[in-house]
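Asks: Generate a structure from the sequence data that follows.
(one chain, ligands or ions: 1)
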Amino acid sequence: MSALRTTGLSKSYGRKPALRDCTVDLPEGKVIGLVGSNGGGKSTFLALAAGLIRPTTGQVRVFGDEVRGRLHPDAAYLPQHRPLHEDFTIAEMIRAVGAMNERWSPERVEEALAAHPEVDRGSRVRSLSQGMRTQLALALCLGRLPKLLLLDEPMSDLDPLAREEFLRLLLADVAERGMTVVLSSHSLGELRDVCDHLMLLHVGEVLLNGDVEEILDDHLDVVGPADDGSSVTGTVICTRRTGRQQRSLVRAPGALAAGWEGRRPELEGLVTDYLRARRVG
Ligand SMILES: Nc1ncnc2c1ncn2[C@@H]1O[C@H](COP(=O)(O)OP(=O)(O)OP(=O)(O)O)[C@@H](O)[C@H]1O
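Replies: Purely as a prediction, here's the structure:
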């Protein structure tokens, strides 16, 4: 079953479209990287999936159930601003969220916070660093034992060690409980090692959506003579010329002509080429 399915999903703020005709099927038990340009629609997509905002047209389904303005009981959502009560202590925050949720594991929350024994449970939220707030907010999400976890730029304020710990926690729940994670990020470097599936958004449009390895297998970086571009077969996504050479990213490439060489692209370069092509074109 798909964890998250959208059909013709669009969202406009006033007359400005933020997401356009988005039809995707995100698989269960996978880590899905949501990437794209600034203002591409990532936060809008996650907020629609969480039921926080309503679609202008189209539909979102989580585990087959239509999302109608409320979070699916099997989903948890971490928005970009971490939703915590400033005046609560950590212990009060944990108790409050626990009291609101029928399915709740205080043990999972403690496991998620175990890397920070130095942080007193009596500390007020307002005294915590940004990174610690993120880790507390994530621990509260994991305490709900979600089957689908929606994370909006969760790693932007974490130091390298905290990122490693954060990903370790997520991957443990993916492996042990089959949890599905959709996480948005600007850093493809940090996603490359953890994502099974990639969704690329640009100005509200889905440019790519699929299994990472299949996407990479379906493309080739080709290099050849700048005056011989017409011998490249397949769909040319983006071309750059340097002196007498040209380099192109090609989707569904055909056989290479004499004088051309090809190699499998890196994920980061592939995404950059898709975005560059849209900016130029
Ligand atoms: N509440 C809102 N009211 C009006 N416009 C909005 C609102 N939220 C988002 N937008 C607009 O919708 C578009 C998509 O924004 P969104 O925040 O979803 O993109 P994003 O990919 O998450 O961006 P970023 O990477 O910069 O965080 C942008 O043009 C943004 O200005």
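Asks: so where do the strands sit in the stretch 151-281 of the chain?
Replies: Ranges of strands in the stretch 151-281 of the chain, per DSSP state E, counting those that start in this stretch, are 180-184, 197-202, 205-211, 219-225, 235-242, 245-251, 261-263.
Asks: got TSV for these, with mean pLDDT, distance to residue 18 and mean neighbour count too?
Replies: In short, each C-beta sits where N, CA and C put it, glycine included. Supplementary listing: these in TSV, determined by pLDDT from 0 to 100; distance: least, C-beta to C-beta, whole Å; neighbours: other C-beta atoms under 10 Å:
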stretch	mean pLDDT	distance to residue 18	mean neighbour count
strand 180-184	96	14	26
strand 197-202	96	10	23
strand 205-211	96	11	18
strand 219-225	94	28	20
strand 235-242	92	24	15
strand 245-251	94	26	19
strand 261-263	94	36	12
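Asks: okay if I get these as a markdown table plus distance to the ligand?
Replies: Below are the strands of the stretch 151-281 of the chain laid out as a markdown table (distance: least, C-beta to the nearest ligand atom, whole Å):
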| stretch | distance to the ligand |
| --- | --- |
| strand 180-184 | 6 |
| strand 197-202 | 6 |
| strand 205-211 | 11 |
| strand 219-225 | 23 |
| strand 235-242 | 20 |
| strand 245-251 | 22 |
| strand 261-263 | 30 |
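Asks: any chance of those in a markdown table, with distance to residue 130 too?
Replies: A markdown table is the format used below for the strands of the stretch 151-281 of the chain (distance: least, C-beta to C-beta, whole Å):
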| stretch | distance to residue 130 |
| --- | --- |
| strand 180-184 | 17 |
| strand 197-202 | 25 |
| strand 205-211 | 30 |
| strand 219-225 | 37 |
| strand 235-242 | 36 |
| strand 245-251 | 36 |
| strand 261-263 | 40 |
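Asks: now the helix or strand harbouring residue 47, how far from the chain's geometric center?
Replies: Assigned by DSSP states H and E, residue 47 belongs to helix 42-49. With C-alpha atoms, centre = their mean, to the nearest Å as the basis, helix 42-49 stands 10 Å off its chain's centre.
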